[in-house]
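Novice: Attaching a predicted model along with its sequence, questions to come.
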Amino acid sequence: MQIYKVGGAVRDRLLGKPVTDIDWVVVGATTEEMLAKGYRPVGADFPVFLHPKSGEEYALARTERKSGRGYGGFTFHASPEVTLEEDLIRRDLTINAMAEDDQQNLTDPYHGQHDLEARILRHVSPAFAEDPLRVLRVARFAARYCSLGFTVAPETLELMRQLSQSGELQALTAERSWKEISRALMEEQPQVFIEVLRECGALKVLMPEVDALFGVPQPETHHPEIDTGVHTLRVLEQAALYKQPLTVRWACLLHDLGKGLTPEEEWPRHIAHEHTGLKLIKAVNERFKAPKDCQELALLVGQYHTHGHRALELKPSTLLELLQSFDVYRRPQRFEEFIAACEMDARGRKGLEQRSYPQADYLRGAATAARSVAVQPLLEKGFKGPELGEAIKRERLKALKAYKEAASA
């Protein structure tokens, strides 16, 4: 029985990056031997065990064979006869197919160390094309390691292209897709994830609404980068630069989907794209079963981001409607994330990345003014029920009028 550290832990140590998760592979052992040593079994599909003390996962060396569609369409075979090399060959990329023993002796049958040094993301074997999830994983690794100079090997990109055309991507479950998408959006260069998916044809399959934005022009006055797809990538890049949370990054990716529906004869203007895009945002949200907070913010940002940009021009009544839509009284954080998404949108324009965004503080001030209206005096005046609601609204409107006048002075 031999135990090896495998995958990401080996890769990141060689890259000089912090090692967070450690995967272990056990060669030459049976399930009975693992149980006898106190390991606790987990996972119904193949033999994975939790270490009796550390709780880390240890998997028996195994081979796999394609038996159906999608990520789950595999049968696994684990036995003491399966070698370390046979276990490693089923992995996705050469840089993830290395192993170390407890003396840090490296086992690298597929030249992962060479590809690490050459900064190449390359598939281990033709079996790569059997698992559609690997298209998303490779794009995610490209987003993570882009700043180190990593690129996807042309032959790997070709396999990803074949997978995208095969219909296999449609077999991925919403949960598995979302797990990869959400992790990729939180990488250092999330826009690279979208670029790689687009390059191999997967974006058209997974998110046709986003893919449709490329090649759609916008007015150069407001968007020096012109292309709506390019703008979306730049907004996502800014969101990562400013360390925005997943909710904001998801909203940034989907905020302009309505522009993909504008008839060509109306280009480069996109009248009412905020409203036409809502059905598309909703469709993408549901397709990947995005978490509720991501869904809600994406829809609100899609509908109101132009309000955010025009904040200083809004009438007090429009400003009040905006604040009501976000329920800023009970959910202040959601409005703060909306402001962040609007600012990322403004900064995601060629040459305007450093431009100030006074709308942010103005909107925060408006929310504070509206929240400052006290309910108790109105109750003491005898207002209740719907009348109380109207009275609160009148007082908030009054507060916003005073705020706007003071800000304009």
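Specialist: Looks like it came in fine.

Novice: residues near Glu195, how many?
Specialist: Neighbourhood size, Glu195 [other Cβ atoms under 10 Å]: 17. C-beta: built from backbone N, CA, C; applies to glycine.

Novice: and what of Ile95?
Specialist: By other Cβ under 10 Å, neighbour count at Ile95 equals 30.

Novice: I'd say it and His114 touch.
Specialist: No: counting by Cβ atoms under 8 Å, Ile95 stays clear of His114, with 9.5 Å between them.

Novice: Now for Leu213: which residues touch it?
Specialist: Shown here is Leu213, whose contacts under the criterion Cβ atoms under 8 Å, 6 or more residues apart in numbering are 228-229, 232, 256-257, 259-260.

Novice: could you redo the last one with a cut-off of 10 Å?
Specialist: With Cβ atoms under 10 Å, 6 or more residues apart in numbering as the criterion, the residues that contact Leu213 are 207, 227-233, 256-260.

Novice: The closest residue to Thr63 other than its chain neighbours: which element?
Specialist: For Thr63, ignoring the flanking residues on the chain, the nearest one in space by Cβ to Cβ, 6 or more residues apart in numbering is His77 at 5.0 Å. With elements taken from DSSP states H and E, the one containing His77 is strand 74-78.

Novice: Could I get the average pLDDT for that strand?
Specialist: Over the span of strand 74-78, the pLDDT mean works out to 71.

Novice: after the helix or strand harbouring Ala239, next one along is what?
Specialist: Secondary-structure assignment from DSSP H and E places Ala239 in helix 228-241. Sequence-wise, the next helix or strand beyond helix 228-241 is helix 246-254, with elements assigned using DSSP H and E.

Novice: Now name the helix or strand holding Thr63.
Specialist: Here Thr63 is covered by strand 62-66, with elements defined by DSSP H and E.

Novice: Can you name every helix or strand that that strand contacts?
Specialist: In terms of contacts (3 or more Cβ pairs under 10 Å, 6 or more residues apart in numbering; DSSP states H and E), strand 62-66 is packed against strand 74-78, helix 84-89.

Novice: Tell me which of those sits nearest to Leu322.
Specialist: Each of the helices and strands packed on strand 62-66 was checked against Leu322 via Cβ to Cβ, and the shortest separation belongs to strand 74-78, namely 49.8 Å.

Novice: For Glu81, which three-state class applies?
Specialist: At Glu81 the chain is in coil, as set by DSSP: H, G, I helix; E, B strand; the rest coil.

Novice: where does Leu254 sit relative to Leu300, distance-wise?
Specialist: Relative to Leu300, Leu254 is positioned 11 Å away (Cβ to Cβ, to the nearest Å).

Novice: can you check Val27 too?
Specialist: Taking Cβ to Cβ as the criterion, Val27 is separated from Leu300 by 52 Å.

Novice: more crowded one of the two?
Specialist: Under the criterion of other Cβ under 10 Å, the comparison of Val27 against Leu300 puts Leu300 first, with 22 against 19.

Novice: which strands and helices sit next to the helix or strand hosting the more buried one?
Specialist: Per DSSP H and E, Leu300 falls inside helix 292-309. Helix 292-309 is packed against helix 174-185, helix 246-254, helix 273-276, helix 278-287, helix 316-326, helix 332-347, helix 359-371, with contacts defined by 3+ Cβ pairs under 10 Å, 6+ apart.

Novice: I'd like those written out as a markdown table, with mean neighbour count and mean pLDDT added.
Specialist: Shown next, in a markdown table, are the helices and strands packed on helix 292-309 (neighbours: other Cβ atoms under 10 Å; pLDDT from 0 to 100):
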| stretch | mean neighbour count | mean pLDDT |
| --- | --- | --- |
| helix 174-185 | 18 | 97 |
| helix 246-254 | 26 | 98 |
| helix 273-276 | 17 | 96 |
| helix 278-287 | 17 | 98 |
| helix 316-326 | 18 | 97 |
| helix 332-347 | 21 | 98 |
| helix 359-371 | 19 | 97 |
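
Novice: Can you tell me which of the ones you listed is nearest to Gln218?
Specialist: Across the helices and strands packed on helix 292-309, Gln218 has its closest neighbour in helix 273-276 (9.7 Å, Cβ to Cβ).

Novice: Would you mind pulling the contact partners of the closest one?
Specialist: Outside helix 273-276, the residues that touch it by Cβ under 10 Å, 6+ apart are 218, 228, 255-262, 270, 301-307.

Novice: just the buried members of the residues you listed?
Specialist: Burial by neighbour count, 16 or more other Cβ atoms under 10 Å: within the contacts of helix 273-276 this picks out 218, 228, 255-262, 270, 301-305, 307.

Novice: Pull out the buried positions in stretch 375-388.
Specialist: Residues of stretch 375-388 classed as buried: 378, 383 (neighbour count, 16+ other Cβ under 10 Å).

Novice: All set, thanks.
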